[in-house]
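Student: A structural model of the following input is requested.
(chains A and B)
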2 protein chains.
Amino acid sequence: MPARSRVLGLASELGPIVGAENVLTESSALEAFRKDMADFEATPAVVARPSTEEQVGRILDVASRRRVPVVARGAGTSLTGAVVLDGAIILDMQRFNRILKIDPVNWYVQVQAGVVLDDLNQALRKEGFFFPPDPASSFLCTVGGAIAESSGGMRCVRYGTMRDWVLALRVVLANGRSVTLGEPLAKNRVGYDLVHLMIGSEGTLGVVTEAHLKILPVPSVPFVRMLVTFDDWPSAGRAIQELRRRQVMANLMEFMDRETVLAVNAAFHTNFEEAEATLLVDLDEPLVDVAEAIFRAHGARRFSRAANEAEAERFYTVRSHAYLAVKELASGVQIEDVTIPIDRLAEYLALVKEVATRHGLRMPTLGHAGDGNVHPTILFDRTDSASRAAATAASQDLCRYAIRVGGTITGEHGVGVQKVALMREQMHAHGAEEALRLMKGIKQLFDPKSILNPGKYVEAA
Amino acid sequence: MPARSRVLGLASELGPIVGAENVLTESSALEAFRKDMADFEATPAVVARPSTEEQVGRILDVASRRRVPVVARGAGTSLTGAVVLDGAIILDMQRFNRILKIDPVNWYVQVQAGVVLDDLNQALRKEGFFFPPDPASSFLCTVGGAIAESSGGMRCVRYGTMRDWVLALRVVLANGRSVTLGEPLAKNRVGYDLVHLMIGSEGTLGVVTEAHLKILPVPSVPFVRMLVTFDDWPSAGRAIQELRRRQVMANLMEFMDRETVLAVNAAFHTNFEEAEATLLVDLDEPLVDVAEAIFRAHGARRFSRAANEAEAERFYTVRSHAYLAVKELASGVQIEDVTIPIDRLAEYLALVKEVATRHGLRMPTLGHAGDGNVHPTILFDRTDSASRAAATAASQDLCRYAIRVGGTITGEHGVGVQKVALMREQMHAHGAEEALRLMKGIKQLFDPKSILNPGKYVEAA
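Tutor: Next up is the predicted model:
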């Protein structure tokens, strides 16, 4: 907990920059900035709410001079501790909330970092466009957060993750200066690709204030949305592997286990069939027959096509909110983010069951099966050290399996403070020691005084 | 021209690494490595032909110790001087010619850097897959070269450029050590994105020896391919702008002017209609009617659908080889690579005509109209200094226009030695001064002794 006098000194410098009403120091006001969505906790010194890049630059100058860490924060939906830090200035980016331009010829949107993804998509839809990446937190999370975390989501099985959709960025660097990275063009070959360096940098290399994002026309023929149920997990996994082998490209391929469906039905008053394994699937109409045949050959028990668009929307919303339902089942929850080669999917799903049994843990499991990125949510009792230890051990079992089979410990949630040691382990195992050295050099180059989200991720690994 | 004794000293160190038969020092043997495809020239000290990453590492050690520059070269199809350098060790990467794995479930190909893109696609097609990026030189150019240049091509209007298709790389760094960057997975969030830093780095940050590339199933329904002709250039441009506004996504949208078609007809004994402007277009069948209506409304004169697959293939091949035909029209040729926002296309095409007239130059014009990346090929007389000066002035007119309207001086060919000054100009005009500083820092971090393709691109800007 930072000394009160230090906090007041800071606040007196930040007030003239953003206005006193946009500097929060009272512990009641800071409360909303103490946690992320996975309950990683830390106590900031102060929250500043800038609304221009010039203000962000001046705040970073203050931070540099005083050597106070700065954490940019969108909606705080990180799952890895990336947006909380003891003694930090939290840059609350939510006042960067304007959509600056929807360009119907160049197919991009120019948008400020604090815009919520669902709000963006609502505005785009009016113009006949959409922005594909859709993290489950899209009803809360911001453009800037999704860029910092290189977020994925449900539609990514077809459209890829954030890294595939950013054309250009406006960034405030640690030295307080602003810079444009990339160009809002279909093609650009001027200079090294610093746009992608910024995507997924978890707030450690600069503060994104604005982005040009690629957008796509809403497909003129809607996809066919359906639920497919199985009596066991590996059968669902094998069906998905076979779909890939047969070159059937899905537009959505989501997994929910029985515990997840139970939690969803209880929380949202729905009545989804409580099968061992449920897949939520989107397909182009011409692929439906061959897909159904493959599902059946692998033991699928039931198909329920969405009866209409409202029902299709409900399927999607329920799946995207499932984590919220599952999170309520225990005092502690750790959501895993392992991603494995897709030909390991059935094996991985079997392992998840086995790990849960071995450690005596409940692990409702849901996620992006079509990408090999299914999230077991490890439930534990926060007040019981044995339970906490079991959760940690289970997580490590899953991550070490991923490292062993050529997977990754994180597909879309990132590293933050949660997986620093495992990140190092993976990079060593996969021949990337030199890459870690270079990444640390890049952090040093961009942020020589280490004021941007310090002590996490690359720097800590 | 390096001293003969120095060359022999180098060769005596390289021989034990790659075998004496894979070290070339005779000027007749070096001849094939003195030029790129746009006739940028320089005389290397020696050519080494490694076949393993261990050999590449040992060669870089020698280069480091002796402070000799190293230039990795695939097929030498650069258009900007990126693969030629006086006094350098040329790493001829063509022995890295193996396709290591085509993975039909994970949808990637693992391939060595020296594999020719068309050979790769031939192998993939047998398994029902393809690799989308298709630079016009795909019948010659290598995977490693396409990565180093972040190449584009014709299909990029639908599928994007190289930067959208690389999952992971194996790279030998300037210090001689090998490293894996990225993971061959749908998603990975471990560490900063060094894969994209390497894509488009023009051989200045490391030597790519191997890549995991995303692949796609060959579409089950072939596209409709057609030629559409216009009586003037801006009408073709306006039609394309309107197609975008009406959300018609093309799979190919190529432009050829009359001079290009004349050159093609003469060189390849074809008889394409010699219209002022010809578009080569691929569309999904359901989009053909609306597209034709838009073309007609903008003055399209004729539509010729490819009668069958062989003819469709011929349309494509002729367009992709058009630069070779145009290149023969004069002793000097500079191919421009400006990319502009697509809503500027008609204006840009009018400007190209105007610039050609003003400077008294012939400028056959062809390229990727759907991306705003149409290449005027500026013809001049190499032996006439006034003609050379006019060509340079014309190029600068086009580039400065691009900079002014928010375009870029290079969409897919890169910077090399050709556009260093203009790159600096663009970055200053577009608010990217700080980015240039960071890029130079990255070059310094990756290659502290500046042995990798030195004196070009970022380092020179």
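
Student: C-alpha from now on. contacts and neighbour counts both.
Tutor: Fine.

Student: domain assignment for chain A?
Tutor: A:3-94, A:97-217, A:223-404, A:420-461 (automatic domain parsing).

Student: what's the most buried one of those?
Tutor: Of these, the one with the most neighbours on average (mean count of other C-alpha atoms under 10 Å in any protein chain shown) is domain A:97-217, at a mean of 23.

Student: going along the chain from the one helix or strand A:Leu422 maps to, find the next helix or strand for me.
Tutor: Using DSSP states H and E, the element containing A:Leu422 is helix A:420-429. Following helix A:420-429 in sequence order, the next helix or strand is helix A:433-446 (DSSP H and E).

Student: would you reformat the domains of chain A as JSON lines and include distance to B:Ser331 and mean pLDDT?
Tutor: Compiled in JSON lines, those are given as follows (distance: least, C-alpha to C-alpha, whole Å; pLDDT from 0 to 100):
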{"stretch": "domain A:3-94", "distance to B:Ser331": "51", "mean pLDDT": "96"}
{"stretch": "domain A:97-217", "distance to B:Ser331": "27", "mean pLDDT": "98"}
{"stretch": "domain A:223-404", "distance to B:Ser331": "49", "mean pLDDT": "96"}
{"stretch": "domain A:420-461", "distance to B:Ser331": "45", "mean pLDDT": "98"}
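
Student: how about JSON lines for the ones you listed, with distance to B:Asn22 added?
Tutor: JSON lines is the format used below for the domains of chain A (distance: least, C-alpha to C-alpha, whole Å):
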{"stretch": "domain A:3-94", "distance to B:Asn22": "51"}
{"stretch": "domain A:97-217", "distance to B:Asn22": "32"}
{"stretch": "domain A:223-404", "distance to B:Asn22": "38"}
{"stretch": "domain A:420-461", "distance to B:Asn22": "28"}
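
Student: out of those domains, the one nearest B:Lys126 is which?
Tutor: domain A:223-404 (13.7 Å; C-alpha to C-alpha).

Student: touching, A:Ile240 and A:Gly370? I think so.
Tutor: Yes - using C-alpha atoms under 8 Å, A:Ile240 is in contact with A:Gly370, at 6.8 Å.

Student: same for the helix holding A:Leu422, what does it pack against?
Tutor: helix A:385-404, helix A:433-446, helix A:457-460 (3 or more C-alpha pairs under 8 Å, 6 or more residues apart in numbering or on different chains; DSSP states H and E).

Student: could I get those in TSV, plus columns for distance to A:Val7?
Tutor: Output for the helices and strands packed on helix A:420-429, formatted as TSV (distance: least, C-alpha to C-alpha, whole Å):
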stretch	distance to A:Val7
helix A:385-404	34
helix A:433-446	26
helix A:457-460	26
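
Student: redo the ones you listed as CSV? Include distance to chain B.
Tutor: Output for these, formatted as CSV (distance: least, C-alpha to the nearest C-alpha, whole Å):
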stretch, distance to chain B
helix A:385-404, 11
helix A:433-446, 6
helix A:457-460, 6
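
Student: out of those helices, which is closest to A:Ala20?
Tutor: In terms of C-alpha to C-alpha, the element of these nearest to A:Ala20 is helix A:433-446, at 29.8 Å.

Student: now what about that closest one, what contacts it?
Tutor: A:173-174, A:204-206, A:424, A:427, A:450, A:458-459, B:177-181, B:191-192, B:194, B:438, B:441-442, B:445-446 (C-alpha atoms under 8 Å, 6 or more residues apart in numbering or on different chains).

Student: from B:Glu459, how far off is the spatially closest residue to A:Val405 that is not a sequence neighbour?
Tutor: Nearest residue to A:Val405, sequence neighbours excluded (C-alpha to C-alpha, 6 or more residues apart in numbering or on different chains): A:Ile340, at 7.3 Å. Separation of A:Ile340 from B:Glu459 (C-alpha to C-alpha, to the nearest Å): 39 Å.
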